[in-house]
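Participant: Just the structure for this:
(one chain, ligands or ions: 1)
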Amino acid sequence: MANKVVGTVPSNKASRIALLKTHQSHVISQPDVQTANARPVKQPLLHEAYAASTKSLRDLELIPLSELKVEIHHRGRGIIVRTIAPPYRGAGAVTVVEDEHGNVDKLAIYNLSETSLLSNPPEGCILAVKEPYYKLNGENDFMICVDHPSDVLLLRFSDPIIPEILRRGVEEAMAKPPDEWKAAGDAAFIQRDFPTAVYCYSEALEGIAEDDSDARAGVLAKRTGTNLMLGHYDAAMEDALASRTGADSDWKSYFTAAKAAYGLCEYQSCKSFLESALEKSPKAPNVQKEYERCLARLREEKEGVYGFRSMIAGVTRQNVHVDAASFLRNTKILESPLHGRGIFAARDIRAGELVFCEKAALMPNQYEPARASAALYAMMVRQLYDNPSLAKTILPLYGGDYPRTGLEGTIVDGVPVVDVFLLESIRLRNCFSSPLSTFENTKPGSHDDGKMAKGVWVHASHMNHNCVPNTMRSFVGDMFISRAVRDISAGEEMFQQYVPIRSDLAARQAQFKTNWGFECACPLCSGEAKSDMAKHKRRQQILAKVEKLGNKHKEPAKFVPESAIRTVDRLARQLEELHEEDIYRDLPRLTLIYPTMWLLEAHRGRKNHIKVVAYAKKVLRNFGFMVERVDSIEDIFHGSASPNSLMTIHMVSALKNASESYRVLGEMELADKFDEAAKFGYMFVTGFENDLSAINIP
Ligand SMILES: C[S@@+](CC[C@H](N)C(=O)[O-])C[C@H]1O[C@@H](n2cnc3c(N)ncnc32)[C@H](O)[C@@H]1O
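Facilitator: Numbers count the residues shown, from 1 in each chain. Purely as a prediction, here's the structure:
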């Protein structure tokens, strides 16, 4: 059945009465209150991708609903319809529409921002759908499906493109004088229906003469304030500046423009707006305070000095957003020999130094694993629709091979072209998962539930992957902290690990290929590629044996039979022999990390401190830190002692174990050195200096 109707005009569409009846039953049964956070999101499936319309409605051929063909994207065509029912809302807003010929159909609008009237289109409004997609929804069930928010337009009733017959009846009702529209806007504002308030103020402005600047300024001031509430910062800034009259009262316009600039993280503009506000009214309430707040952001941008500890105290899963600016000056984005663009050091950076610290461009407060991706996608779509200026930051991000028209983000028919499939492609390749605080997350026992949110950090997204990277990331709320784990010279490309790497080379490469479409040729991957295939296989088999035993004795520091220790020790030695010296001399030996960590713990449980030190050094070596080759322990982080090392919390723990055992053995100097190295490493992991009490070893 389904295939038969594809490409045809269906002959068995539901009648107007049947369509309205079914629709009404959905309207009645929908839950009363739906918050933006709880609403389901229709996340796009990339294999169903189609491009957003980039044409103006005026350039499309208008067709009646009766010409819509099933599963066809009607390129070059458009429809103009009136909603004849209130919507019901799930992942989108579904309504019933009629055209000028009396044809009726179901219309589903997805991905519209909650702050737009179109996310909840009232009965009686007139909409245009550009290049509509007519979807087969089930047997004899069809609907016009709008995935790209810019494909649907809310038309002003006075728009001459609207067919006379659709306008009839509503036009008179809408023909209100500006004062009435303004009053209607105020009423909607009081009811916190901000999208309707903006609509009403816009209608009022349409009716006020261009030269009546005072009246215009009054309505613009109201609309700018409302747009600010909605997070429509671009529109708020434009209105605020347009509402200036030259009088001292302009301080308010400048103040609003400054708040909008702050919302967009444009702190230089914010500063100059606040200075203009202060010039007009030096004692204006709150302006000085905001000015100081803005100066603090500019200092962060310049100096990169942050109070990470107080940031942690201020973030919660309900509000991850830190009031801080990004520090990016140590880095440059340049062409990378590996792929596209990469991040390069703008100056010499010592191990441990802040490479950059970036505030998320987009990050919802959503730590539920099942919802985190969808929430980020929805936020990307909403923000790009609400604040078109974001397009210049987000859209240049790498989006894989998703075909672009080049017109995404441009303004057509008054709204930015938002292609949801492109945004999903960008999200997939650029988003990071982040705990609320990496520091809190490294504390044993406080791994809470390990839930991660997802966000987009534009600068960080330019960094390419390396399995043995020279930087490490950590998070506090929506702040991304990148630290150098080795000394980096000016001009050097910087890398991060996209995901914690797998010990199995083939599985690791498959993951990069599937998720990011590249083959990793880092020193570890290209080195390991030279190792015998049979040895790779054998190493994985032995590791599996150790893991099986380890699973039986999950806490080796507690009692473990001597026989288990002997078995793991024997298997670890076999593993060592399976690493070719010429290949692995300067490389981590990933399959040996778990066995040596397990043995370290087992000997710690037995208070065998000599063995603890020996295994701690083996753990370090297996992470790629060649401690035996350096005079001082700090040297493992500086110079070129360990160019292919991996820093992790387990490394920190091994260093700390070594320190404590050296102390028991009376080797105080070594104990202090290892302790210092552990603290230093802990800073890379958590993002800022912390004492080691948080990872206290019992
Ligand atoms: C988040 S982007 C990184 C920045 C990207 N190079 C750009 O031009 O925007 C991720 C993409 O970069 C590429 N990439 C990252 N690391 C790479 C590597 N080590 N080798 C080759 N390509 C890499 C992959 O195509 C991946 O999907």
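Participant: so what's Lys69 up against?
Facilitator: For Lys69, the contact set (CB atoms under 8 Å, 6 or more residues apart in numbering) comprises 7-9, 134. In this view, the C-beta of every residue, glycine as well, is placed from N, C-alpha and C.
Participant: What segments of the stretch 151-300 of the chain are strands?
Facilitator: Assigned by DSSP state E, counting those that start in this stretch, the stretch 151-300 of the chain shows strands spanning 152-154.
Participant: so where is it shaky, pLDDT-wise?
Facilitator: Applying pLDDT under 70 to the stretch 151-300 of the chain picks out residues 173.
Participant: For the ligand, what's its nearest residue on it.
Facilitator: Taking CB to the nearest ligand atom as the measure, the stretch 151-300 of the chain has Cys265 as its residue closest to the ligand, at 20.4 Å.
Participant: Any idea how many residues pack against that residue?
Facilitator: By the criterion of other CB atoms under 10 Å, Cys265 has 15 neighbours.
Participant: Am I right that it is in contact with Ala325?
Facilitator: Yes - if you go by CB atoms under 8 Å, Cys265 and Ala325 touch, sitting 6.7 Å apart.
Participant: near the ligand, which residues of this protein?
Facilitator: Contacts of the chain with the ligand, taken as CB under 6 Å from any ligand atom, map to 336, 338-342, 398, 429-430, 461-462, 464-466, 516-518, 520.
Participant: Which of those residues fall within strands?
Facilitator: Using DSSP state E, the subset of the residues of the chain next to the ligand located in strands is 341-342, 464-465.
Participant: Using neighbour counts, trim those residues to the buried set.
Facilitator: Listed as buried from these are 341-342, 464-465; burial here means 16 or more other CB atoms under 10 Å.
Participant: TSV for those, including pLDDT?
Facilitator: Formatted as TSV, these follow (pLDDT from 0 to 100):
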residue	pLDDT
Arg341	97
Gly342	98
Asn464	98
His465	98
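Participant: List the buried residues in stretch 96-111.
Facilitator: Residues 96-100, 103-111 are the ones in stretch 96-111 that count as buried (16+ other CB under 10 Å).
Participant: what two of those residues have the greatest distance between them?
Facilitator: Greatest spatial distance in the buried residues of stretch 96-111: Glu100 and Asn111, 27.1 Å, computed using CB to CB.
Participant: In the stretch 1-150 of the chain, which residue sits nearest the ligand?
Facilitator: Leu46 (14.1 Å).
Participant: What backbone torsions are found at that residue?
Facilitator: phi -70, psi -20 (degrees, to the nearest 10).
Participant: what does His148 give?
Facilitator: Torsion angles, degrees, to the nearest 10, at His148: phi -90, psi 120.
Participant: Identify the residue nearest it in space, chain neighbours excluded?
Facilitator: Ala52 (3.7 Å; CB to CB, 6 or more residues apart in numbering).
Participant: Look up how far Asp323 lies from Arg329.
Facilitator: To Asp323, Arg329 is 20 Å away according to CB to CB, to the nearest Å.
Participant: Repeat that for Ala85.
Facilitator: Ala85 sits 44 Å away from Asp323 when distances are taken as CB to CB.
Participant: same question, Arg429
Facilitator: From Arg429 to Asp323 the distance is 29 Å (CB to CB).
Participant: so Ala460 makes contact with Ser434?
Facilitator: No - counting by CB under 8 Å, Ala460 stays clear of Ser434, with 10.5 Å between them.
Participant: Show me the common contact partners of the two, please.
Facilitator: Both Ala460 and Ser434 are contacted by Phe480, under the criterion CB under 8 Å, 6+ apart.
Participant: residues touching Lys451, list them.
Facilitator: 317, 367-369, 435.
Participant: What subset of those is buried?
Facilitator: 367, 435.
Participant: tell me the two of the contacts of Lys451 that are most distant?
Facilitator: Largest pairwise distance in the contacts of Lys451, by CB to CB, is 13.8 Å, between Glu368 and Pro435.
Participant: that older thread, counting neighbours, what do you get for the residue of the stretch 1-150 of the chain closest to the ligand?
Facilitator: Neighbour count of Leu46, defined by other CB under 10 Å: 13.
Participant: ok now do it, which residues does it touch?
Facilitator: 402, 421, 424-425.
Participant: Looking at those residues, which are in helices?
Facilitator: Residues of those located in helices (DSSP state H): 421, 424-425.
Participant: May I see the PyMOL selection of the buried members of these?
Facilitator: Buried members of the ones in helices among the contacts of Leu46, defined by 16+ other CB under 10 Å, are picked up in PyMOL with:
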select buried, resi 421+424+425
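Participant: show me where pLDDT drops low in this structure?
Facilitator: The model of the chain has pLDDT under 70 over residues 1-2, 32-38, 173, 445-449, 629-634, 639-641, 696-698.
Participant: Pull the contacting residues for the residue in it positioned nearest to the ligand.
Facilitator: Closest to the ligand within the chain is Gly340: 2.2 Å, counting by CB to the nearest ligand atom. Going by CB under 8 Å, 6+ apart, Gly340 touches Tyr398.
Participant: Same question for the one 5 residues further on.
Facilitator: Listed by CB under 8 Å, 6+ apart, the contact set of Ala345 reads 330-332, 355, 488-492, 494.
Participant: Could you identify which of these has the most neighbours?
Facilitator: Most surrounded of the contacts of Ala345: other CB under 10 Å gives Val355, at 27 neighbours.
Participant: That residue and Tyr306, how far apart?
Facilitator: 13 Å.
Participant: Now do the shared contacts for those two.
Facilitator: Between them, Val355 and Tyr306 share no contacting residue, judged by CB under 8 Å, 6+ apart.
Participant: Who has more neighbours out of Arg429 and Asp323?
Facilitator: Neighbours per residue, other CB under 10 Å: of Arg429 and Asp323, the larger number sits with Arg429, 16 against 13.
Participant: List the residues that contact the more buried one.
Facilitator: 397-400, 516.
Participant: which among the residues you listed end up buried?
Facilitator: Among the contacts of Arg429, those buried by neighbour count (16+ other CB under 10 Å) are 397-399, 516.
Participant: Walk me through the domains of this structure.
Facilitator: Taking automatic domain parsing as the reference, the chain has its domains at 2-173, 176-303, 316-498, 523-695.
Participant: Which of the ones you listed sits closest to Ala510?
Facilitator: Proximity to Ala510 (CB to CB) singles out domain 523-695 among those, at 12.1 Å.
Participant: rewinding a little: need the buried residues of stretch 96-111 in TSV (columns: distance to Leu646 and secondary structure).
Facilitator: Putting the buried residues of stretch 96-111 into TSV (distance: CB to CB, whole Å; DSSP: H, G, I helix; E, B strand; the rest coil) gives the following:
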residue	distance to Leu646	secondary structure
Val96	59	strand
Val97	58	strand
Glu98	64	strand
Asp99	63	coil
Glu100	67	coil
Asn103	64	coil
Val104	63	strand
Asp105	58	strand
Lys106	55	strand
Leu107	53	strand
Ala108	49	strand
Ile109	48	strand
Tyr110	43	strand
Asn111	40	coil
